[in-house]
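Enquirer: What follows is a protein structure lacking sequence information:
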């Protein structure tokens with residue numbers, strides 16, 4: 001039995017090993033999907049690991065995902081592992097199953113990046129690529145400042161001046177939407193959704209169809225980090241306001257969390273291409289509830305900068321000294337996966353009850 005904060009890991013390989021060990025401890029069904037052409041930071045084979053526990057034929061299924069945004073996977077992995085150890089002492093209702101998808105973006109998980117091997121933000125990739133949105137409103141205006149060719153005090157100052165001017169003219173909510181909703185024109189830009197369904201996108205469809213394609217009612221917890229108060233959960237729900245799915249999610253996660261909260265005090269962007277939309281699409285006969293649960297790290301400025309810093313390191317980091325590159329990457333990791341044991345304890349303390357509330361709610365749905 002692991003100690004409480006030892007559910008966390010320092011590397012992708014360690015996290016994957018702990019997940020597999022925890023699955024074996026509850027005799028779960030497990031499968032591995034090997035990345036066809038990318039290796040990990042240490043030369044390791046990359047896999048999406050999938051486990052199913054509970055009733056495989058149950059009409060009610062929970063889908064719990066870690067690592068959609070790669071390096072954010074450490075918290076989600078720890079919660080998956082911690083919940084599996086909890087499950088060893090508990091049980092699920094007879095009609096409920098849980099599908100755990102570990103490391104949906106294994107490349108980013110291993111290499112410490114939010115994007116996949118092709119630089120795509122998976123949480124913007126689940127659109128109809130035969131008819132992609134050609135414009136993201138104001139994003140084109142801000143792109144040069146979001147993706148500069150250098151990362152120094154001058155470029156950060158230029159970005160700050162440009163974004164301040166934009167906010168003054170259009171407002172904070174418009175800025176957040178431009179930054180975060182997704183764009184499909186600039187491969188070196190933030191929240192780039194790609195030009196086709198990625199390998200991870202196609203595997204998610206395969207996983208959902210083969211494991212729980214029969215389900216009638218599905219709950220989703222897609223674990224992320226960045227938005228919210230340090231170590232505390234913030235819920236992003238995408239179901240229609242008056243839908244049955246949103247009503248159920250409010251019952252599980254609290255109406256004030258689902259309908260009353262603003263991400264970093266900003267209106268939720270009109271997100272495009274979410275994994276949640278992929279789940280809805282791939283399970284057309286299911287009612288899909290739930291959404292994203294963020295775990296707060298260092299606040300909105302650090303989280304927004306981490307997204308830009310990640311892309312800049314991918315595009316230009318090779319021109320830096322090894323020491324400078326390592327320092328910037330360490331800062332990036334700490335922005336979305338803080339090293340403090342206090343943060344890890346808060347993640348587990350606040351995250352595990354959300355899983356229990358969701359499985360309990362799913363049972364009573």
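Expert: Yep, that arrived. The shown structure was predicted, so the numbers you read here are calculated from the model rather than taken from an experiment. Numbers count the residues shown, from 1 in each chain.
Enquirer: Could you use CA atoms for every contact and neighbour count after this?
Expert: Fine.
Enquirer: I'd like to know the average pLDDT value across stretch 84-99.
Expert: When pLDDT is averaged along stretch 84-99, the result is 91.
Enquirer: got it, and stretch 107-124?
Expert: Rounded to a whole number, the mean pLDDT of stretch 107-124 is 97.
Enquirer: which parts of that stretch are buried?
Expert: Neighbour-count burial for stretch 107-124, counted by 16 or more other CA atoms under 10 Å, picks out 107-117, 119-124.
Enquirer: Same check on stretch 25-40?
Expert: 26, 28, 30, 35, 38-40.
Enquirer: same deal with stretch 39-49?
Expert: The neighbour-count check on stretch 39-49 (16+ other CA under 10 Å) flags 39-41, 45-49 as buried.
Enquirer: cool, and stretch 86-99?
Expert: 87, 96-99.
Enquirer: Select from those every entry located in helices.
Expert: Of the buried residues of stretch 86-99, the ones assigned to helices by DSSP state H are residue 87.
Enquirer: can the buried residues of stretch 86-99 go into CSV with extra columns for distance to residue 56?
Expert: Shown next, in CSV, are these (distance: CA to CA, whole Å):
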residue, distance to residue 56
87, 16
96, 8
97, 6
98, 8
99, 9
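Enquirer: Name the nearest residue to residue 151, ignoring sequence neighbours.
Expert: In this structure, residue 151 finds its nearest non-sequential neighbour in residue 312, 7.3 Å apart by CA to CA, 6 or more residues apart in numbering.
Enquirer: Buried residues of the host helix or strand of the one you found, list them for me.
Expert: Using DSSP states H and E, residue 312 sits in helix 300-316. By 16+ other CA under 10 Å, the buried positions in helix 300-316 come out as 300, 302-304, 306-313, 315.
Enquirer: swap in stretch 340-359?
Expert: Buried residues in stretch 340-359, counted by 16+ other CA under 10 Å: 343-348, 350-352, 354-355, 357-359.
Enquirer: between the residues you listed, which is closest to residue 92?
Expert: The shortest separation between residue 92 and any of the buried residues of stretch 340-359 is 7.8 Å, and it belongs to residue 359 (by CA to CA).
Enquirer: pLDDT score for the closest one?
Expert: If you check residue 359, the pLDDT there is 97.
Enquirer: so which strand or helix has it?
Expert: Taking DSSP H and E as the definition, one finds residue 359 inside helix 341-364.
Enquirer: quick one, helices of the protein?
Expert: Going by DSSP H, the chain shows helices at 12-25, 73-87, 106-111, 139-146, 153-170, 172-180, 199-212, 244-253, 255-258, 275-282, 300-316, 322-336, 341-364.
Enquirer: who wins for proximity to residue 221 among those?
Expert: helix 341-364 (8.0 Å).
Enquirer: for that closest one, the distance to its chain's centre please.
Expert: How far helix 341-364 lies from its chain's middle: 16 Å, per CA atoms, centre = their mean, to the nearest Å.
Enquirer: Then stretch 226-245?
Expert: Put simply, stretch 226-245 sits 13 Å off its chain's centre (CA atoms, centre = their mean).
Enquirer: quick one: average confidence on that stretch?
Expert: Stretch 226-245 comes out at a mean pLDDT of 95.
Enquirer: so residue 110 sits right up against residue 11, yeah?
Expert: Yes: using CA atoms under 8 Å, residue 110 is in contact with residue 11, at 6.8 Å.
Enquirer: So which elements touch the longest strand along the chain?
Expert: Looking across the chain with DSSP state E, the single longest strand is strand 217-230. In terms of contacts (3 or more CA pairs under 8 Å, 6 or more residues apart in numbering; DSSP states H and E), strand 217-230 is packed against strand 60-65, helix 73-87, strand 287-296, helix 300-316, helix 322-336, helix 341-364.
Enquirer: Now with 7 Å, please.
Expert: Judged by 3 or more CA pairs under 7 Å, 6 or more residues apart in numbering; DSSP states H and E, the packing partners of strand 217-230 are strand 60-65, strand 287-296.
Enquirer: Can you tell me which of those strands is nearest to residue 234?
Expert: The nearest among those, by CA to CA, is strand 287-296 at 4.9 Å.
Enquirer: and the angle for that closest one with helix 275-282?
Expert: Going by axes from the mean of the first three to the mean of the last three CA atoms, to 10 degrees, strand 287-296 is angled at 160 degrees with respect to helix 275-282.
Enquirer: Can you tell me the strand partners of strand 287-296 and which way each runs?
Expert: Using DSSP bridges, the strands paired with strand 287-296 are strand 217-230 (parallel), strand 233-237 (antiparallel).
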